[in-house]
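1. okay, sequence plus prediction incoming.
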Amino acid sequence: GGGTRRLEVPLAETKTILDLGREDTAQRITNYWAMAETEHSNRRDLAHFLIDSLQGRSSATYEVHTREIPSRSILCLKRNVDGQAGAWAFGKEFIALLRDHPLPRMDGIAGAVYCIWWGEVSDDSGGPLEWCRPVPDDQSESLAAGFPELSLRVEPAHREAFVNIGAGGETSSAQWPLITEALHSWGDEEEVQPCDLSIRITYLAPLPRTDDSTPDYDFAVPFQ
């Protein structure tokens, strides 16, 4: 006699699934299971990394690069979020704002949309997160007037160490400690210290996207 196989789904997700039709329900469960398998794989990698660290063995690391970011005006939205689901919903909300009110594009990495993680996001910690969209300095005041939901500030020039995930790269919050460790290890080797601008994810392809392609992004830590 074979045992019964179960798929455990959070209550909030279950409520959403129950409101869908048969085809949408099947697709929703497929997507949820794929996400669960990815999370499980990433948590396994994280566990191996921690075990190697505790036992004094080196783990596979990420290649770290550096870049100079100029001073820039940014429109931003900062908020505490409720776990990873809240972080995802917050990102979709910010991207929807950009879609409804297009802004002039700025060339290069200095014009890319990015999200600052001011703190850990988990069941016990809500960040906060801050989504940022650079805008031309000479238009910043007039553009900010059209976005009452957003605040305008200037981020100072700084140097960043970053790990590129690349288009089609797959990662999740379970891998972020590994990437952060690689960035901070680089800082120790170079004898530089992170500054107070905090770790961020920079989206190299323009947002919002016009298709369902996987985003091209990197993780960066500003250093002094």
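-> It's in.
2. going by C-alpha atoms from here, please, whenever you check contacts or count neighbours.
-> Will do.
3. mind checking the SS state of residue 133?
-> When classified by DSSP: H, G, I helix; E, B strand; the rest coil, residue 133 comes out as strand.
4. hmm, residue 112 and it touching each other?
-> Yes: taking Cα atoms under 8 Å as the definition, residue 133 is a contact partner of residue 112 at 7.0 Å.
5. neighbour count for the two, which is higher?
-> residue 133 (24 against 20; other Cα atoms under 10 Å).
6. would you report the backbone torsion angles of residue 93?
-> The phi and psi values for residue 93, taken as degrees, to the nearest 10, are phi -60, psi -40.
7. count of neighbours near it?
-> Neighbourhood size, residue 93 [other Cα under 10 Å]: 13.
8. ok, it to residue 205 distance?
-> From residue 93 across to residue 205, the span is 18 Å (Cα to Cα, to the nearest Å).
9. please apply the same query to residue 163.
-> Taken as Cα to Cα, the span from residue 163 to residue 205 is 16 Å.
10. more crowded one of the two?
-> Neighbours were counted for residue 163 and for residue 205 using other Cα under 10 Å; residue 163 has more, 21 against 15.
11. wait, the more buried one touches residue 221, no?
-> No: under the contact definition of Cα under 8 Å, residue 163 does not touch residue 221, with a separation of 9.2 Å.
12. mind listing the shared neighbours of those two?
-> Here residue 163 and residue 221 share the contacting residues residue 183, scored by Cα atoms under 8 Å, 6 or more residues apart in numbering.
13. list the buried residues for the helix or strand where residue 94 lies?
-> Assigned by DSSP states H and E, residue 94 belongs to helix 83-100. Within helix 83-100, the residues that count as buried by 16 or more other Cα atoms under 10 Å are 83, 87, 90, 91, 94, 95.
14. before we move on, what about stretch 123-134?
-> Neighbour counts over stretch 123-134 (16+ other Cα under 10 Å) mark 126, 127, 128, 129, 130, 131, 132, 133, 134 as buried.
15. end to end on that stretch, go ahead and measure it.
-> By Cα to Cα, the extent of stretch 123-134 from end to end equals 30 Å.
16. again with stretch 131-150
-> Terminal residues of stretch 131-150 lie 10 Å apart, using Cα to Cα.
17. touching that stretch from outside, list them.
-> For stretch 131-150, using Cα under 8 Å, 6+ apart, the contacting residues are 72-78, 91, 94, 103-106, 110-116, 151-152.
18. check what pLDDT residue 184 gets.
-> Residue-level confidence at residue 184 comes out at 81, pLDDT.
19. where does the chain dip in pLDDT?
-> 1-18, 21, 27-29, 31-61, 166-176, 208-215 (pLDDT under 70).
20. strands along that one, start to end?
-> 65-69, 72-79, 113-117, 129-135, 151-155, 158-164, 200-203, 217-223 (DSSP state E).
21. by how many degrees do the fourth one and strand 113-117 diverge?
-> Here strand 129-135 runs at 150 degrees with respect to strand 113-117, directions being taken by axes from the mean of the first three to the mean of the last three Cα atoms, to 10 degrees.
22. perfect, I'm done here.
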